[in-house]
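1. Sequence first, predicted model second:
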Amino acid sequence: MAETIPTELLVAHFAGKLAVETDASDVHANQENGVPFVLVDSRGRSAWNQGRIAGSVHMPTAEIAARATREIPRDVPVVTYCWGPGCNGSTRAALEFATLGYQVKEMIGGFEYWAREGYPVENDHGRIVRAKDPLTAPVDAVTCDC
């Protein structure tokens, strides 16, 4: 490292990220614990049909402005997701919700990491069972304890 970054800048940056981001493990834990929020899949129809997070709502980013206030109460937190870390669709979706006045977080890792970590996935035919990927989640524990 060539430069020293002021501690205040580091703290503000990482605290800011944690304020607006979540991950698959935390979202799943919130689902299991009955924490109220709406999980929004912002991908297109073909992606939704291929597979989605169980319990999520399909609302492609281009439809959020027209549909969100009719379908999701503004006092309920929203979590957005898209394909995965190589896609910024969930960021664009989160921006749309924030613009409408919602409390919103982006689920980092997206559908890819949700599925790879072995959490519930479904399609129009029912549940899709996937094994945990040992590169993304501990296979013999509930969480990574990070």
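-> Alright, I've got the coordinates. Numbering: from 1, shown residues only.
2. Can you name the residues in contact with the helix or strand of the chain with the lowest mean pLDDT?
-> One helix or strand of the chain scores below all others by mean pLDDT, DSSP states H and E: strand 126-128, with a mean of 83. Outside strand 126-128, the residues that touch it by Cβ atoms under 8 Å, 6 or more residues apart in numbering are Gly51, Ala54, Pro120, Val121, Glu122. In this view, the C-beta of every residue, glycine as well, is placed from N, C-alpha and C.
3. Look up phi and psi at the most centrally placed residue in the chain.
-> Nearest to the mean C-alpha position of the chain, by Cα atoms, centre = their mean, lies Met107 at 2.5 Å. Reported as degrees, to the nearest 10, the phi and psi values for Met107 are phi -90, psi 110.
4. any idea how far Thr4 is from it?
-> 33 Å (Cβ to Cβ, to the nearest Å).
5. Determine the set of other helices and strands touching the helix or strand containing Leu10.
-> For Leu10, the host element (DSSP states H and E) is helix 7-20. Counting contacts by 3 or more Cβ pairs under 8 Å, 6 or more residues apart in numbering; DSSP states H and E, helix 7-20 packs against strand 104-108.
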